[in-house]
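Asks: Give me a 3D structure for the following:
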Amino acid sequence: CYKNPHLNKKKSPVTKFQTQSLSQESEKRWSVSFNPQDNTQVCITGNGFFKLFKYSEGYLKQMNLQRGEPENYLCHAWLSEEEVICGTDTGKLSLFETGELHWEKSLEYRKPPRNQEEDTTKEYESLYAFPNCISGVSSGVAFEDNGLQQHSLPQISAVAAYSKGFACSPSPGVVLLFEKTCEKEVYEEKQEVWLPEDLFSTEPKKSSRQDITCICFSPSEEMMVVSTNKNQLYKFTMLSTKPIRKISYFAYMNFPLHSNSITGLDMCIWKPILATCSLDRSVRIWNYKKNTLELCKEYQEEAHTVSLHPTGLFCLVGFSDKLRFISLLYEDMHVFKEFAVKKCRECSFSNGGHLFAIVNGNVIQIYSSITFENVTNLKGHTGKVHAIKWSADDTKFVSCDTHGAVHEWNLSSGKKESECVLKTCIYSSISLTYDAKIIFAVGSDQTLKEISESSIQHEVPAYDVVYTTVAVSRSGRLIFVGTSLGTIRAMKYPLTLKKKDFSEYQAHAGAVTKMTVTSDDQFLLTASEDGCVFIWKVYDKEGEGGKGEPEPEYAEEVLIMRSDIDEKTRAILDLQICVRDLQTESEYELRLKDMYYEGKIKALEENFAQEIDSLKTKHQILQGEKEKQRLQHEIQLSELMDKQAKEVQQLESDSSQKLSTENEKYQELQVKSQKMEEEYEKQLHNLEESKTKAVAELKELYEKKLKHKSVQLAEAKENMRKQIEAHEKMEKQIYEEGDKEILELKDKYEKQLLEEKESNIQLKGELGVMNKRLNSLQKELKDRNRDIEEMRLEQQKLQDIIKSLEKDISALKTDVKERTETILEKEKYVYDLKMKNQELQNFKFVLSYKIEEFKKQIESRENDIETMKKHIGEMEAELEQFRKESVELKLNITQLQQKQKATAGEVHREMEKRQNMETLIKRFKSDLHNCVRFINDSKKMKDGIRELYAKYVHQPDVVTEDADLQQQYKKQQEYNERNLAVLRKKVMKDKEMHHTAYMRIMQENVSLIKEINDLRQELRVANAQVHDLESALRLNKNKKAIQDTAPSGEISSSPAVLRLNPEMESEKIIEMQQLEIQYLRDQIQEMGKALNCPGSVSFSQKSS
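Replies: As a prediction, the model looks like this:
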């Protein structure tokens, strides 16, 4: 099931879809997905059905009707808002557009390519970032035997869409890329991408034929990633251009992973490495500091346990047939010693490395890692031993079995020191503190047991989960437990029996099988049945020496075989001999070349000297000819100046005579033109009156016809609306009755629609006839307008003749002045052009300065973003402190509030008592004042005093205040307990909220980076616009240079107009960029405010 991309905006459609879809369909679904562009559309495919639903008005409505034979659709993907591509179990691709089948294609079962060239084999030998440690395995592209593929059928197991088309997997080990063609709206296969061989596997041909289960593309579509049924990840870089070869190959995402359950995990002290073994028959050495795979080798038998020597140079691996002592070489694993122990489930080196323990059924055998002698055998377990553990000083040994027994052994005597038996529990893992005084064990009874002095001191419940592994930090302050659900729980020591006093982290998809803590307490290493190894960074906040301790120094020694060294030395000697031979040959060739080139240089020097002498003589001859030609040109210039002066005098005399004759002609033409203007004005007035009358009559006729037709169209629309309403009502009934009635009603309405379409076609024909009539009338009007325009053109021609004559007169007058003033005008024109050029250069400088400012602003924004990232890292460290302070402050606040309420109640009671006493005193004073009046009469005085005594003096009542106080104390105690429970719930909710806020901030950081990339693209567009403006300015300069020959009065003002447009455009660009920068600032401020909320992340993970 896919996630709705608009889930945060509209949550109600999702919840209603879940409740309704369960009631509508009872069949098993293969896949469900939302339309990425419309969150109200849902596609469901499965065995025998393909359905599209649309959410509207609180219900899901089916959008398509399934036609044709039902097929088993295994997967699908949305290509656009209306197109969905589906793959079947028979290798058929089906493209549905708006729910109807648009295109189909059947794919064949693909066989891996054979007989590849040498360059392809070399390319795929370098797929791994670590050395090849398997000898005798042929490299190249994988292929299978023909016998295995005779009965295989194509099956499309995965489909994914991208901008150019889609990718699908029709058979194991291959992905096909399809792209949309330009000519037809179909998709065509462009490229095949195959999985590479695993060179570490004993069967590399089968490793390249894995079933591809999922395909996905990066957001920028630069990379395609696929996952397989063997838990492997592969990547392929997408090319923007057309691929050179049709067949390409994937590469590993990082390195090959375990494809089955991990059964063993161990680390060493000297090096930052860990060893794992799995049921996939492989043993792998990982570097948890660099997150790399250093060694890998696959064997013929399944591996059940592994243990690393403290030096990191050796390891013990328990296979189903034997236990092997393996040397970890530079590029390989070499079996040094074998022990006849079948199906060894547990083995472990001592912390000093001089001993190792092997579990053989219910007996533990201790061997020397130097002499490989059996030192002692520890017997005492009645069941199979599941876990063993060495003490830090290697003097004690702890083990547990399936019959609920935990034994502590003394290795110096080889005897059992203590035991703790609980027959109802099957122990699965055990761990020791650094001082070997406390044992922690977990088993099938869903509790964590703390054992010391042969008895169980504490039991911590697991809350309906089975604990599978346990590990203790070297400091003893932290205890880590793995569960059957794949979660990791971190507890503080000493253990408390409070409810869920631990931190839980979801990691694996299967039960945690092995777990260990590094010697420096910095990393927690976990392995699981899902084939994954997780590396966790441990933060001990209460530890004193966490930050002050220096990082440990690791050894860099590596083992290598003597035969490998001999081969390399031989190869080095051979290469040295080859180098010497090549040096002698190259020196001899260089000497020959030097001799040849020295002779050439001498010949060239002689030729150049001869050519230089000949050129000097030619230069002297040319200088003499130049002086002669200069004298001739000076004589010719003087003669031409005299001729020009004489011609100017003759032109002045001729022009004066022409001016007088032309003035007389001009006056005659003026009289004629006035008469012609009066006649043409009368004709134009008459034509306009006749035209307006004809146009008015035609408008009245066609307006009446249009009104009549509009009424008819309105009636037809009302009929159509009524029919549509009836049709919608019938559709609702049809959905309830079934698919059969839908088809019948559909035929009826199709007939009605055809009739209505025919009536609409008739109306359109009548409208076409009316339009033709209108066009004919418009043509007549255009003909009349043409006649009028011809008359106007004749008038303009006459006016042009008059203007040309006037120009001739003015030209003759100014001809003499222009020849004398041309030089001055050209100088002024050149000066104006220079000024305008300076203005344009200033404008260009301003634009370049603004562009540089924008670049600086973008750089400053990028620096701000980097600083914000650093602040985020610092804030994460401070979040934990703020959380603790907030919890303490909340507790203090609740205590102070309770105290304040209690004191307020006491003050209120005291005030009431005081008021009562004041009223009594006032009454007593008034009564005593009345009694004083009878001071002379003793009897009345006595009676008054007796009344006062009887009225104001009472017997002491039984005191009930103590009981009231106790009740109030109990109420306050109950109130405080409720508040504590509420506060704990709030703290848990706050943790979840802070985690979601942290993830949201990370997503917003990604969106900010995308927006910065968009800003960079807009800057490039702005630079291109500036370049266009500069080219436009250069064109204007060229135009001005062409206009030099024209008079200054005819120079247009177009350059100024052209100069204004780029200014306006640049101002708009600057405003848009300022708005975007302000928007980015606001988002950064909001992120800063969001980061100030309290929260802590005390546990980070790295997965490999």
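Asks: Quick one: end-to-end length of stretch 82-93, please.
Replies: Using C-alpha to C-alpha, to the nearest Å, one end of stretch 82-93 lies 16 Å from the other.
Asks: what comes up buried for that stretch?
Replies: Residues 82, 83, 84, 85, 86, 87, 88, 89, 91, 92, 93 are the ones in stretch 82-93 that count as buried (16 or more other C-beta atoms under 10 Å). (Each C-beta comes from the backbone N, C-alpha and C, glycine too.)
Asks: contacting residues around it?
Replies: Residues outside stretch 82-93 that contact it (C-beta atoms under 8 Å, 6 or more residues apart in numbering) are 43, 45, 50, 52, 71-79, 94-98, 102, 104-109, 153-159, 161, 166, 168, 170-171.
Asks: Buried only: go through those residues for me.
Replies: Here, 16+ other C-beta under 10 Å leaves 43, 45, 50, 52, 71, 73-79, 94-96, 107, 154-159, 161, 166, 168, 170-171 buried among the contacts of stretch 82-93.
Asks: what is residue 77 paired to in the beta sheet?
Replies: The partner list for residue 77 in beta bridges (DSSP bridges) reads residue 85.
Asks: Would you mind measuring from residue 839 to residue 846?
Replies: 11 Å (C-beta to C-beta, to the nearest Å).
Asks: now the helix or strand where residue 713 lies: mean pLDDT?
Replies: Residue 713 is part of helix 562-737, with elements assigned from DSSP states H and E. Averaging pLDDT along helix 562-737 gives 84.
Asks: just stretch 817-825 next, same as before
Replies: Computed over stretch 817-825, the mean pLDDT rounds to 77.
Asks: Regarding residue 412, what is its secondary structure?
Replies: Put simply, residue 412 is coil when judged by DSSP: H, G, I helix; E, B strand; the rest coil.
Asks: could we number from 228 for the rest of this?
Replies: Got it, first residue is 228 now, which makes that one residue 639.
Asks: And the pLDDT at it?
Replies: On the pLDDT scale, residue 639 is placed at 85.
Asks: Could you check how far the nearest residue to it once chain neighbours are set aside is from residue 582?
Replies: In space, and not counting its chain neighbours, residue 639 is closest to residue 622: 6.5 Å by C-beta to C-beta, 6 or more residues apart in numbering. Separation of residue 622 from residue 582 (C-beta to C-beta): 11 Å.
Asks: before we move on, what about residue 1081?
Replies: The spacing between residue 1081 and residue 582, counted by C-beta to C-beta, is 71 Å.
Asks: try residue 484
Replies: With the distance defined as C-beta to C-beta, residue 484 ends up 33 Å from residue 582.
Asks: same check, this time on residue 482
Replies: Counting by C-beta to C-beta, the gap from residue 482 to residue 582 is 33 Å.
Asks: now swap in residue 797 and tell me
Replies: Residue 797 is 40 Å from residue 582, where distance means C-beta to C-beta.
Asks: Which of those two has more residues huddled nearby?
Replies: Each of residue 797 and residue 582 has its neighbours counted (other C-beta atoms under 10 Å); residue 582 has more, 20 against 10.
Asks: Might one say that that one is in contact with residue 591?
Replies: No. Using C-beta atoms under 8 Å, residue 582 makes no contact with residue 591, being 11.6 Å away.
Asks: Helices of this protein, start to end?
Replies: For the chain, the helices defined by DSSP state H occupy 239-251, 345-352, 431-434, 789-964, 966-1159, 1165-1179, 1188-1269, 1281-1318.
Asks: ranking the ones you listed by burial, who's on top?
Replies: Mean neighbours per residue, mean count of other C-beta atoms under 10 Å, is largest over the helices of the chain for helix 431-434, with a mean of 19.
Asks: Just the C-alpha atoms of it, please, in PDB.
Replies: C-alpha atoms of helix 431-434 as PDB (Å, rounded to 0.1, in the frame of the first residue of the first chain):
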ATOM      1  CA  PRO A 431      27.800 -16.800  -9.000                       C
ATOM      2  CA  LYS A 432      25.500 -17.700 -11.800                       C
ATOM      3  CA  LYS A 433      22.500 -18.000  -9.500                       C
ATOM      4  CA  SER A 434      23.400 -14.800  -7.700                       C
END
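Asks: Looks like residue 460 contacts residue 480 (just checking).
Replies: Yes. Here residue 460 reaches residue 480: they are 3.8 Å apart, a contact under C-beta under 8 Å.
Asks: what is the rounded mean pLDDT of stretch 1194-1207?
Replies: 79.
Asks: now swap in stretch 1097-1110 and tell me
Replies: So the average pLDDT for stretch 1097-1110 ends up being 80.
Asks: Repeat that for stretch 513-529.
Replies: The average pLDDT within stretch 513-529 is 91.
Asks: Give me the contacts around it.
Replies: Residues from elsewhere that reach stretch 513-529 (C-beta under 8 Å, 6+ apart): 356-357, 360-361, 427-429, 481-483, 490, 494, 499-503, 506-512, 546-548, 555, 558-560, 745, 750, 752, 760, 762, 1329, 1331.
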